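> Generate coordinates for the sequence data below:
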Amino acid sequence: MHTDSRGHQLTTSNAATANACALAMDHYLERKSDVALLLDQALEHDPECAIAHATMGLMIHGARNSSYNAKVKNSLSNARKYATGISDREQLYINALEFAAQGRLSETVASYEAILDTTPTDGFALSLCQAELFWLGDMNRSLAASSSVAPHWNPSIAGYSEYLGMRAFDLEEAGQYSLAESAGREAVEMNPANIWATHAVSHVMYMQGRHTEGIDWIIAAQPHWDGVGQMQFHVWWHKCLFQLECGDYQSALQGYDHWVRNTDHALVQALPDLYIDLQNGSSLLWRLELAGVDVGDRWQEMAALVTSRLSDLSNPFTSAHFAVILAAVGDFESCDKLVRAMEDFANINGTDLTFNYAKAGLPAAKAAIAHRRGDFHQAVALMYPVRHDLSLMGGSHAQQDLFFQILVDAVAKTGDDAKVVSLLNEIEQIGFVEPTQLSAYRLITDRRA
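Numbering: from 1, shown residues only. Next comes the predicted model:
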């Protein structure tokens, strides 16, 4: 019997397939760029390996791009076809993929939780579970998952550093900053290349206003990122946020050009419109513009990619960022098309995504468009009633803050000073330490004064 690095069964008659599939799962935890390549190798050696097909489908689903739906369904079809004789755990992965293909994402998560009930050291299942819950905006459930398996992990188990990184991020999003930083630092000490743990500690530092320390933390980690995939661009985004907060706008712009949206980078060329990269780019440019920085024509490159994805409703957080991008270049015709597509989708009953679009993604997108049009009263009318639901778009507190900044800026521009103060108190309750010291809110309060 073939197994992964933690002894879990991989059903295949071919050792090379098992090795490649196990390595792909481990590399997913490590945020490496070669996961799909390894799965291709696994299937080349054994085209009838059900778990390799299921894993490939789950990776494609994770790209959050509706143009890949046919590939997801093909992987699912093959996984089902070759599912004879597989373990219960492997069948649960196929179940997870089937639910994902149907948009039943809470049931996808339940499949991962079922895996963890019987195989709590399945770090691959835990990581997929965290990723799905992150985009569903339910990080409390993610914290519950990493907490439930904690007694089964220790330094003698392969992937313990990666487990600690996941645990650190769950704790950070729950506001348990001391525990999160401790877990993240321990993970990085064990494995300096653990970019997810580096990322979790970066979040702690941002939420606590430790911006100079955050820059130093990321600089020290960067030499260890050889082979890491797009996650490195997101951590660079964090570095740019720290630089912005320090008033070093030129370095933030350089970080945007050389890492966050470097179109010459091989990873960007391979996936030029990957959702998280577009989120990173648009969020950074908006924040820089709010700080009074001239970002030139940088919006145009992203807008050209977004116009072909107006009907891609894979992720409400991404769709809201599409609205930010299109509005920034003044393409309000495309904005209207995007909003109509989101409205139509939000009116469909029965899935997690339609609910999250209706409650958060759609009003956030409309508010971002209204703000760019200069209709600040409308932006407030759209965003203020749903401000407590923004987590349903998915994303972290630090990422969601873009839309809270849009709201606060719009409120300030309507002249409602009392509401600005009230909102700043609310953002502190979310977990930001001294939010008035953040660049966006400091600039807004300075304008009021």
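
> A strand includes N154, no?
No: the assignment for N154 (DSSP: H, G, I helix; E, B strand; the rest coil) gives coil, which keeps it out of a strand.

> pLDDT below threshold where in the stretch 251-400 of the chain?
Of all residues in the stretch 251-400 of the chain, none has pLDDT under 70.

> In it, what residue spans correspond to helices?
In the stretch 251-400 of the chain, the segments counted as helices under DSSP state H, counting those that start in this stretch are 266-270, 275-290, 298-306, 316-328, 332-346, 352-356, 362-373, 376-383, 397-413.

> Likewise for the stretch 51-200 of the chain?
So, for the stretch 51-200 of the chain - with DSSP H, counting those that start in this stretch - the helices run 69-81, 88-101, 105-118, 123-136, 139-149, 160-173, 177-190, 195-207.

> Put the alpha carbons of the fifth one into PDB.
Read that as helix 139-149. Extracted C-alpha coordinates of helix 139-149, given in PDB (Å, rounded to 0.1, in the frame of the first residue of the first chain):
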ATOM      1  CA  MET A 139     -12.900  31.800   9.800                       C
ATOM      2  CA  ASN A 140     -14.400  30.900  13.200                       C
ATOM      3  CA  ARG A 141     -15.200  27.500  11.600                       C
ATOM      4  CA  SER A 142     -11.700  27.300  10.300                       C
ATOM      5  CA  LEU A 143     -10.300  28.000  13.800                       C
ATOM      6  CA  ALA A 144     -12.600  25.200  15.100                       C
ATOM      7  CA  ALA A 145     -11.100  22.800  12.600                       C
ATOM      8  CA  SER A 146      -7.400  23.600  13.400                       C
ATOM      9  CA  SER A 147      -8.300  23.500  17.100                       C
ATOM     10  CA  SER A 148     -10.000  20.100  16.900                       C
ATOM     11  CA  VAL A 149      -6.900  18.400  15.400                       C
END
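
> wait, which of the helices of the stretch 251-400 of the chain is closest to A180?
With CB to CB, the closest approach to A180 among the helices of the stretch 251-400 of the chain belongs to helix 397-413: 12.1 Å. All C-beta atoms are positioned from the backbone trio N, CA, C, and that covers glycine.

> Report the distance from that closest one to the chain centre.
Between the mean C-alpha location of helix 397-413 and the chain-wide mean there is a distance of 19 Å, by CA atoms, centre = their mean, to the nearest Å.

> what's that helix packed up against?
helix 195-207, helix 275-290, helix 316-328, helix 362-373, helix 376-383, helix 417-430, helix 439-448 (3 or more CB pairs under 8 Å, 6 or more residues apart in numbering; DSSP states H and E).

> Quick check: buried residues in stretch 339-352?
339, 341-342, 345-346, 352 (16 or more other CB atoms under 10 Å).

> what does that stretch rub up against?
Stretch 339-352 is touched from outside by 103-106, 136, 310-311, 313, 319, 323, 353-354, 357-358, 361-362, 365-366, 369, with contacts defined as CB atoms under 8 Å, 6 or more residues apart in numbering.

> go with 7 Å
Outside of stretch 339-352, the residues within contact range by CB atoms under 7 Å, 6 or more residues apart in numbering are 103-106, 136, 310-311, 313, 319, 354, 357-358, 361-362, 365-366.

> Among those, which one has the most neighbours?
Neighbour counts for these were taken using other CB atoms under 10 Å; the highest belongs to G361, with 31 neighbours.

> Spatially nearest residue to it, not counting backbone neighbours?
Closest residue in space to G361, ignoring its immediate chain neighbours: P316 at 2.6 Å, by CB to CB, 6 or more residues apart in numbering.

> How many neighbouring residues does the one you found have?
By the criterion of other CB under 10 Å, P316 has 31 neighbours.

> before we move on, the earlier item: figure out which of the helices of the stretch 51-200 of the chain is closest to P272.
Taking CB to CB as the criterion, helix 69-81 is the member of the helices of the stretch 51-200 of the chain that comes nearest to P272, at 17.6 Å.

> Skip the chain neighbours and tell me the closest residue to the residue nearest the centre of the chain.
In the chain, the C-alpha nearest the mean C-alpha coordinate belongs to G395, at 5.4 Å (CA atoms, centre = their mean). If you skip the residues right next to it in sequence, G395 has F317 as its closest partner in space, 4.7 Å away by CB to CB, 6+ apart.

> Go ahead and confirm that neighbour touches L392.
No: look at F317 against L392 with CB atoms under 7 Å: they stay out of range, at 9.3 Å.

> who has more neighbours, those two?
Neighbours were tallied for F317 and for L392 using other CB under 10 Å; the higher tally belongs to F317 (27 against 22).

> That one: what's it in contact with?
With the criterion set at CB under 7 Å, 6+ apart, F317 makes contact with 135, 279, 361, 393-395.

> distance of it from G296?
Here F317 is placed at a distance of 26 Å from G296 (CB to CB, to the nearest Å).

> In three-state terms, label G415 for me.
Under the three-state scheme (three-state DSSP), G415 adopts coil.

> Next, work out how far apart the closest residue to A24 other than its chain neighbours and T55 are.
Excluding the flanking residues, the one nearest A24 by CB to CB, 6+ apart is L38, at 3.8 Å. Counting by CB to CB, the separation of L38 from T55 is 9 Å.

> Just want to know which of these two has more residues nearby.
For the pair L38 and T55, the greater number of neighbours falls to T55 (30 against 23), based on other CB under 10 Å.

> ok, now how distant is the more buried one from G361?
Between T55 and G361 the distance, using CB to CB, works out to 28 Å.

> same check, this time on M190
Taken as CB to CB, the span from M190 to G361 is 38 Å.

> about what we covered before: need the helices and strands packed on helix 397-413 in CSV (columns: distance to W153).
CSV is the format used below for the helices and strands packed on helix 397-413 (distance: least, CB to CB, whole Å):
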stretch, distance to W153
helix 195-207, 14
helix 275-290, 27
helix 316-328, 30
helix 362-373, 37
helix 376-383, 41
helix 417-430, 29
helix 439-448, 38
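
> of all those, which lies closest to L43?
Nearest to L43 among the helices and strands packed on helix 397-413 is helix 275-290 (25.2 Å), distances taken as CB to CB.

> Determine the set of other helices and strands touching that closest one.
In terms of contacts (3 or more CB pairs under 7 Å, 6 or more residues apart in numbering; DSSP states H and E), helix 275-290 is packed against helix 231-245, helix 249-255, helix 298-306, helix 316-328, helix 397-413, helix 439-448.

> could you dump stretch 219-234 to PDB, C-alpha only?
Listed in PDB are the C-alpha atoms of stretch 219-234, where the atom choice follows Å, rounded to 0.1, in the frame of the first residue of the first chain:
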ATOM      1  CA  ILE A 219      12.800  41.100   4.100                       C
ATOM      2  CA  ALA A 220      14.400  38.400   6.300                       C
ATOM      3  CA  ALA A 221      12.000  35.700   4.900                       C
ATOM      4  CA  GLN A 222      12.300  36.600   1.200                       C
ATOM      5  CA  PRO A 223      15.600  34.700   0.500                       C
ATOM      6  CA  HIS A 224      13.800  31.400   1.500                       C
ATOM      7  CA  TRP A 225      11.000  31.600  -1.100                       C
ATOM      8  CA  ASP A 226      12.600  29.600  -3.900                       C
ATOM      9  CA  GLY A 227      10.000  27.600  -5.700                       C
ATOM     10  CA  VAL A 228       7.100  29.400  -3.900                       C
ATOM     11  CA  GLY A 229       4.100  30.200  -6.100                       C
ATOM     12  CA  GLN A 230       1.800  33.300  -6.200                       C
ATOM     13  CA  MET A 231       1.700  33.500  -2.400                       C
ATOM     14  CA  GLN A 232       5.000  35.400  -2.600                       C
ATOM     15  CA  PHE A 233       3.200  38.200  -4.500                       C
ATOM     16  CA  HIS A 234       0.600  38.500  -1.700                       C
END
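
> Cool, thanks, talk later.
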